[in-house]
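Enquirer: Just need the structure, nothing else, for what follows:
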Amino acid sequence: MAVPVEPVEEEAVPAEVAGAIATAQDAAAALVMIGFQLEVARWRVRVARKTLVEAAELVREDIHATKIVVAHAFTVVPTLNGRDPAATLAASAKLVASVFSEKPVLPGAIAAAMDLTAAVSAIPPPVTGPLCDVRDLLRAVSDEHDRARTLFADCISYLGLGQEYATWQEFSHRRRHALTRSVVVDMRLNGAIGNAVHSVRIHRSCQIKPPRRGRGMREAWELMEILCSAVEEVDAVLEAIPKMRDAVAAEEEIVSQAIDDAAP
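Expert: Purely as a prediction, here's the structure:
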């Protein structure tokens, strides 16, 4: 005759441990959400980079057109009556002077480039561009990151891990990595926005200043240099965001492992 086996009741989880697990789950969920937000931020930065590169190409077209005109300046003007080199030189000099005048050779290209750049850098307010959207998103990420840390700090001592100090040290180590990358992202992002804004302001300033010979060419070269710097800053942001995301993911792994260890 079979002996009936009494069902073994699972040991009830103490209320404070259950509450700590729930809090840790909130922390883990916040860290997972940060990972998603950083992916969105990186996608928006890539969109901004594409626009800045397009703007730089338009400015480069103006510079290239200027070089072509200068290169052919002494070949397109015929010698007066075939015996007056001085007239040829004077006419060519006049043509070159017109190239280096106050206006770009391709003003439409410069204007279009600055319209694109203004869209990226949100000029004028209250319009928002992708780079400024990313800056706002990263502020939200920072707040959520702080909240996740506070949640885990509040619950770790109640999880009954027996190694709370070592777990917290590892979590803090990963968090410092994430914060370091966050500083890089913030600094380079602000640099890109600053360069974009600066280029637009230079162009607008040139539009309202009195005509001055040589300003058009100088403006094009200056805009090209600033836009290239903006693209370099954006590239640095694109490189730093995945490293920040990986550090946050490591934080989430530590919290999730603590939850698993505390669960009955």
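Enquirer: Please tell me the pLDDT value assigned to the residue lying closest to Arg60 once chain neighbours are set aside.
Expert: Spatial nearest neighbour of Arg60, chain neighbours left out: Met224 (6.3 Å); criterion: C-beta to C-beta, 6 or more residues apart in numbering. (Each C-beta comes from the backbone N, C-alpha and C, glycine too.) Each residue has a pLDDT score; the one for Met224 is 78.
Enquirer: From Ala230, how far out is Met224?
Expert: 11 Å (C-beta to C-beta, to the nearest Å).
Enquirer: Of these two, which one has the most company?
Expert: Neighbours were counted for Met224 and for Ala230 using other C-beta atoms under 10 Å; Ala230 has more, 29 against 20.
Enquirer: mean confidence score for the host helix or strand of Ser172?
Expert: Assigned by DSSP states H and E, Ser172 falls within helix 164-208. Mean pLDDT, computed over helix 164-208, is 85.
Enquirer: Just after that helix, pick out the following helix or strand.
Expert: Following helix 164-208 toward the C-terminus (DSSP H and E): helix 215-262.
Enquirer: sorry, back to before: check the gap between the residue nearest to Arg60 and Val231 for me.
Expert: To Val231, Met224 is 11 Å away according to C-beta to C-beta.
Enquirer: do the same with Ile259
Expert: Distance from Ile259 to Val231, counting by C-beta to C-beta: 43 Å.
Enquirer: what's the answer for Gln37, then?
Expert: Counting by C-beta to C-beta - Gln37 and Val231 are separated by 24 Å.
Enquirer: Helices of the stretch 51-200 of the chain, start to end?
Expert: 85-99, 107-121, 130-155, 164-208 (DSSP state H, counting those that start in this stretch).
Enquirer: hang on, the earlier thing: shared neighbours, Met224 and Val231?
Expert: Ala56 (C-beta atoms under 8 Å, 6 or more residues apart in numbering).
Enquirer: isn't the residue nearest to Arg60 right next to Ala56, touching?
Expert: Yes: between Met224 and Ala56 there is a contact at 6.4 Å, judged by C-beta atoms under 8 Å.
Enquirer: Flag the shaky bits of the chain, pLDDT-wise.
Expert: For the chain, the stretches with pLDDT under 70 are 1-13, 61-128, 202-220, 264.
Enquirer: ok, how many other residues are close to the nearest residue to Val255 once chain neighbours are set aside?
Expert: Nearest non-adjacent residue to Val255, counting by C-beta to C-beta, 6+ apart: Ala28, 4.5 Å away. Using other C-beta under 10 Å, the number of residues around Ala28 comes to 22.
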